[in-house]
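> can you look at this prediction? I've put the sequence above it.
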Amino acid sequence: MIIELTLGVIVLLGSLICALSVFGLIRLPDFYLRSHAATKSATLGVLFILFGAFLYFWIYEDHFSIKLLLGILFVFITAPVAGHLNGRAAYRSGVSLWKGSVRDDWKEALKRERGEHKKTKN
């Protein structure tokens, strides 16, 4: 009974975290903040759901699922990297930051990179 309840809580927590990412997508003001909400919370939510499924099969079915472990690893590695690359591509293509943003750490790095690139071309 306690194990079933714990597994249910893990899966429910994952579902709630995924639902929370929907609110972030609707409420946040710019592409970068929306991307952050979608990537971070959805990744954590999917990881909780997959972990709950992994524990269920391991405990109740006596089946150690390598496929679920690989799925957890795949989501853990690829989703944050994809979110980062989407944000980087948006920044490089000129998608503006929210007007309430306080810092733009990438601005100077991009200027240096473009300056060094021009120097090596000449």
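Here it is on my side, so go on.
> how many neighbours does the nearest residue in space to Leu20 that is not next to it in sequence have?
Nearest residue to Leu20, sequence neighbours excluded (CB to CB, 6 or more residues apart in numbering): Ser41, at 5.2 Å. The way it works is simple: take the backbone N, C-alpha and C, and place the C-beta from them, glycine included. By other CB atoms under 10 Å, 20 other residues sit near Ser41.
> likewise for Ser93?
Neighbour tally, Ser93, other CB under 10 Å: 7.
> now swap in Lys107 and tell me
11.
> separation between the residue nearest the centre of the chain and Asn86?
With distances taken as CA atoms, centre = their mean, Thr39 lies nearest the centre of the chain, 2.5 Å away. In this view, Thr39 and Asn86 are 8 Å apart by CB to CB, to the nearest Å.
> circling back: quick one: the residue nearest to the centre of the chain and Gly83 touch, right?
Yes - here Thr39 reaches Gly83: they are 3.0 Å apart, a contact under CB atoms under 8 Å.
> for the longest helix anywhere in the chain, name the packing helices and strands.
In the chain, taking DSSP state H as the definition, the longest helix is helix 31-60. The helices and strands touching helix 31-60, judged by 3 or more CB pairs under 8 Å, 6 or more residues apart in numbering; DSSP states H and E, are helix 2-27, helix 66-92.
> those into JSON lines, with extra columns for mean pLDDT, mean neighbour count and distance to Arg112?
JSON lines is the format used below for the helices and strands packed on helix 31-60 (pLDDT from 0 to 100; neighbours: other CB atoms under 10 Å; distance: least, CB to CB, whole Å):
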{"stretch": "helix 2-27", "mean pLDDT": "92", "mean neighbour count": "14", "distance to Arg112": "32"}
{"stretch": "helix 66-92", "mean pLDDT": "91", "mean neighbour count": "14", "distance to Arg112": "14"}
